[in-house]
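[1] coordinates for the following, if possible.
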Amino acid sequence: MSSLRLKPSNFSRLWFAQSVSEFGNWMGAIPLVAILVLDASPAQMGLLETARALPAVLIGLYAGVWVDRLPRKPLLIGADLGRFVLLMLAVVLLISGALAMSGLYAIVFLVGALTVLFDIAYRSYLPTLVVSEELLQSNSKLSASASVAEVASPGIGGALVQMVSATFALLVDALTFLLSALSLFTIRLQEPTRATDRNGGVIAEIAYGVRFVWGTRELRALAVALSAQFFFGGFFATLYALYVLKVIGLGPIMLGLLIGAGGVGALVGAAIVNPLTRRFGIGRVMVGALIFGIPLATLVPLAALVDETEALVLLFTNQLVGDIAFAIFLISQMSVRQALTPDHLLGRMNASFEFVVGGIGILGMLTGGLLGQFVGMVPALSVAVAGFTIPCLWLALSPVRALRSID
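    Down below sits the predicted model:
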């Protein structure tokens, strides 16, 4: 009998903690502060996104060792409390008028470091709470609640910034991490004793985890595909908000509603991923989802060529329908990774993915920001759309396509 059935409240508390922290993340308070209060340029937004993602490269592999060595629940709580303190510092600096882009870079970097630790730890903690055949369902639930946050919180964040203040939006963002920590504290489950391989120190443990990922054909294929996806996705991460606000000419509330539409799509994706994988096989579903998303991504640069109303329709369609495909892909690949990896290697497996995908993603953010600055945002976004064909082809030719089920 599964641990999910025996102790449903433990998974529910992890689910709630992740959901409420996602609510804060999707508010987008810090990017809006950078754009609307500090008047950030495309290059500065690229640096801001880079500062957020850089910890995955600098500490990700070490964080994986900590997650495999130490109890995962305290790491999750500590990461939440640390993010709460850092965002409260940003609130104080904003109130005092002392917040500058340099300070925002530092805060975002530290928040990013704790987010890397949290993400590796909770993805490694989940298989402790559920058995392997329930991983896809559990990841779907986590994704669904994140999608609800994506629907609701961007509009709320935009409204708070536009109608109340950026300070209040940051305060609400900070409080979500405190609430997440409190929920995690209530989990009552003794973590099992994990096998260890501390024969050569931290570096040897890191190397062992990397070799495991690279030596497993399916994991290797997913790592390469995700790297390509996130490199070109970094263009969108850097430029999308600036593009919508400055090129298309929409306001913060409409930006929030657009991002929220993506959450609706992701929620649909989370709801249909289980029946799709049962019908067609998880490998084919992953490949098909990536292929389906490419023509929808083209709607974003095309929005600059039409009037504001038509642009809104194109952007809304991309967010609503495109995120269905992306959610299906992300849920499926995460479940495959967790099912293929022994418990004592989950931290290092997830950290290896964070390191590779995060590092390539940073290059994408920097490249996207620079291209947006020097050749324009529309050409930069068009390059990204063309690049999305790479992970589709890679997975289609890999062993992943033949996978049938999570078992």
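
[2] residues touching Ile390, list them.
    228, 232 (Cβ atoms under 8 Å, 6 or more residues apart in numbering). Yep, even glycine has a C-beta here, placed from its N, CA and C like the rest.

[3] now whichever strand or helix holds it: how far from the chain's centre is it?
    Under the criterion of DSSP states H and E, Ile390 resides in helix 389-396. Remark: helix 389-396 is offset 20 Å from the chain centroid, using Cα atoms, centre = their mean, to the nearest Å.

[4] just the CA atoms of it, as CSV, please.
    Output of helix 389-396 as CSV, limited to C-alpha atoms (Å, rounded to 0.1, in the frame of the first residue of the first chain):
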residue,chain,number,x,y,z
THR,A,389,12.8,22.6,-33.1
ILE,A,390,16.1,21.3,-31.7
PRO,A,391,14.7,19.5,-28.5
CYS,A,392,11.8,18.1,-30.6
LEU,A,393,14.2,16.4,-33.0
TRP,A,394,16.5,15.3,-30.3
LEU,A,395,13.9,13.5,-28.2
ALA,A,396,12.2,12.1,-31.3
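
[5] got the buried residues for it?
    Residues of helix 389-396 classed as buried: 390-392, 394-396 (neighbour count, 16 or more other Cβ atoms under 10 Å).

[6] what average pLDDT does it get?
    Helix 389-396 comes out with an average pLDDT of 90.

[7] stretch 340-352 too?
    Rounded mean pLDDT across stretch 340-352 is 86.

[8] and the contacts of that stretch?
    With Cβ under 8 Å, 6+ apart, stretch 340-352 has contacts from 60-68, 72, 119-121, 123-124, 127-128, 192, 194-197, 205-206, 208-210, 212-213, 216, 218-219, 223, 337-338.

[9] what of stretch 94-105?
    Taking Cβ under 8 Å, 6+ apart as the rule, stretch 94-105 contacts 30, 33-34, 37-38, 40, 44, 47-48, 51, 90, 93, 166-167, 170.

[10] highest neighbour count among those residues?
    Greatest neighbour count in the contacts of stretch 94-105, by other Cβ atoms under 10 Å, goes to Leu170: 30 neighbours.

[11] could you measure from it over to Thr277?
    Plainly put, Leu170 is 39 Å away from Thr277 if you go by Cβ to Cβ, to the nearest Å.

[12] repeat that for Ser140.
    From Ser140 to Thr277 the distance is 10 Å (Cβ to Cβ).

[13] what of Leu117?
    Taken as Cβ to Cβ, the span from Leu117 to Thr277 is 30 Å.

[14] from the buried residues of helix 389-396, which is closest to Gln229?
    Pro391 (4.5 Å; Cβ to Cβ).

[15] what helix or strand does Val57 sit in?
    Residue-wise, Val57 maps onto helix 42-58 under DSSP H and E.

[16] any idea of the mean pLDDT in that helix?
    81.

[17] for it, buried residues please.
    42, 44-58.

[18] residues near Asp307, how many?
    Asp307, neighbours per other Cβ under 10 Å, totals 8.

[19] again with the one 4 residues further on
    Residues within reach of Ala311, counting by other Cβ under 10 Å, total 21.

[20] where's it relative to Ala351, distance?
    Where Ala351 is concerned, Ala311 sits at a distance of 40 Å (Cβ to Cβ).

[21] cool, Gly103 as well?
    28 Å.

[22] do the same with Gly97
    Distance from Gly97 to Ala351, by Cβ to Cβ: 39 Å.

[23] please apply the same query to Val131.
    Applying Cβ to Cβ, the value for Val131 to Ala351 is 23 Å.

[24] so which of the two has more stuff around it?
    Taking neighbours as other Cβ under 10 Å, Val131 and Ala351 compare with Ala351 leading, 33 against 13.

[25] please name the nearest non-neighbouring residue to that one.
    With Cβ to Cβ, 6 or more residues apart in numbering as the criterion, Ala351 has its nearest non-adjacent residue at 2.4 Å, and that residue is Gly64.

[26] that neighbour reaches Ile206, doesn't it?
    Yes. Taking contacts as Cβ atoms under 8 Å, Gly64 lies within contact range of Ile206: 7.1 Å.

[27] who's more crowded, the two?
    The neighbour comparison of Gly64 against Ile206 (other Cβ under 10 Å) goes to Gly64, with 30 against 20.

[28] assign Leu189 to helix, strand or coil.
    coil (DSSP: H, G, I helix; E, B strand; the rest coil).

[29] tally of neighbours for the closest residue to it other than its chain neighbours?
    Distances taken as Cβ to Cβ, 6+ apart place Asn10 nearest to Leu189, at 4.8 Å, with adjacent residues excluded. Neighbourhood size, Asn10 [other Cβ under 10 Å]: 20.

[30] list the contacts for Asn10?
    Asn10 neighbours (Cβ under 8 Å, 6+ apart): 3, 129, 187-189.

[31] rerun that using 7 Å as the cut-off
    By Cβ atoms under 7 Å, 6 or more residues apart in numbering, the residues touching Asn10 are 129, 187-189.

[32] that concludes my questions; thank you for your assistance.
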